[in-house]
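In: Pasted the sequence and its predicted model underneath.
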Amino acid sequence: MLKLPAPLYAEIVSHCLGGLPDEACGLLAGDPDTGSVARCYPTRNLAASAKLYTVDPKEHLRADREAESLGMQIIGVFHSHTHTDAYPSPTDVAQAPDPGWHYVVVSLRDSYPSLRSFRIRGETITEESVVLEGR
Amino acid sequence: MHRSAGRESAETWPDGEDTVSVQVRLPTVLRAHAGGQATVTAEGHTIGEVLTGLVQRYPGLSGQVLTEDGTLHRFVNVYVDDDDVRYLEQLDTKVPDGATVSILPAVAGG
């Protein structure tokens, strides 16, 4: 389960929409034990592509340090799919860096954004519920 | 003072000390291989020495940071303080005493 404060949901979707026509990406920080997201770190997509994303490593370092200073951890990553489902692609699965992370995918294919979250362990994808908090 | 050719004074090691000790921050995905520790102490004058020593001390890290031929794994980013070693001297990047080395996974997909 991913617990996502409504303002952070808005920040994620806004960053993804703002990244068009390319994929957008960012990191999520919070409590790894509860799946509660406390901070969102929109980052630059170094790949600058409509089909690929690479989180800017320098921004990842900054986010990692800040999260640590705030007593939290990087617990996941979000990115957008410009023309496909909100579901991890084979590339997403192959390059998933941490089996403990939450993988949020935002599809911008339709007229409304669709946000879903997954756990990726090896080649196994498991969708998890997203609980929007503070609506 | 002990000096090596070409080494700037800021990088000269104190008299009688040959070891450079650094803190290495590990990403969550690698902590299990280091007894669950988020930060470990390592020694080495270069990033290559630090990482090699780390793998020797924590064999579970083998193949995670360095490849079989001893190069930096492409899905790992390593920093000496704020500097990405890929933009410096890669594994030959010198490590100042007391520096913080950060290991982070590359985060990418499509």
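Out: That came through fine.
In: What segments of chain B are strands?
Out: Under the criterion DSSP state E, chain B carries strands at the ranges B:21-25, B:39-43, B:76-80, B:83-84, B:100-105, B:108-109.
In: Looking at these, which one is packed in the most?
Out: Ranked by mean neighbour count, the strands of chain B are led by strand B:108-109 with a mean of 24 (mean count of other Cβ atoms under 10 Å in any protein chain shown). Backbone N, C-alpha and C define where each C-beta goes, glycine included.
In: quick one: strands adjacent to that strand?
Out: strand A:53-54 (antiparallel) (DSSP bridges).
In: Now the partner strand: average pLDDT?
Out: Mean pLDDT, strand A:53-54: 98.
In: chain center to that strand, what's the gap?
Out: Using Cα atoms, centre = their mean, to the nearest Å, the mean C-alpha position of strand A:53-54 is found 11 Å from that of the whole chain.
In: Check stretch A:20-37 too.
Out: 4 Å.
In: what's the spacing between residue B:40 and residue A:74?
Out: 19 Å (Cβ to Cβ, to the nearest Å).
In: how about the strands in chain A?
Out: Using DSSP E, strands in chain A cover A:2-5, A:25-31, A:36-43, A:53-54, A:73-81, A:102-107, A:114-121, A:124-128, A:130-133.
In: Turn these into a markdown table, columns for mean neighbour count.
Out: Formatted as a markdown table, the strands of chain A follow (neighbours: other Cβ atoms under 10 Å in any protein chain shown):
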| stretch | mean neighbour count |
| --- | --- |
| strand A:2-5 | 22 |
| strand A:25-31 | 24 |
| strand A:36-43 | 21 |
| strand A:53-54 | 26 |
| strand A:73-81 | 26 |
| strand A:102-107 | 24 |
| strand A:114-121 | 19 |
| strand A:124-128 | 13 |
| strand A:130-133 | 14 |
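In: Next, format those as JSON lines and append distance to residue A:94.
Out: Formatted as JSON lines, those follow (distance: least, Cβ to Cβ, whole Å):
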{"stretch": "strand A:2-5", "distance to residue A:94": "22"}
{"stretch": "strand A:25-31", "distance to residue A:94": "16"}
{"stretch": "strand A:36-43", "distance to residue A:94": "20"}
{"stretch": "strand A:53-54", "distance to residue A:94": "13"}
{"stretch": "strand A:73-81", "distance to residue A:94": "14"}
{"stretch": "strand A:102-107", "distance to residue A:94": "12"}
{"stretch": "strand A:114-121", "distance to residue A:94": "10"}
{"stretch": "strand A:124-128", "distance to residue A:94": "12"}
{"stretch": "strand A:130-133", "distance to residue A:94": "24"}
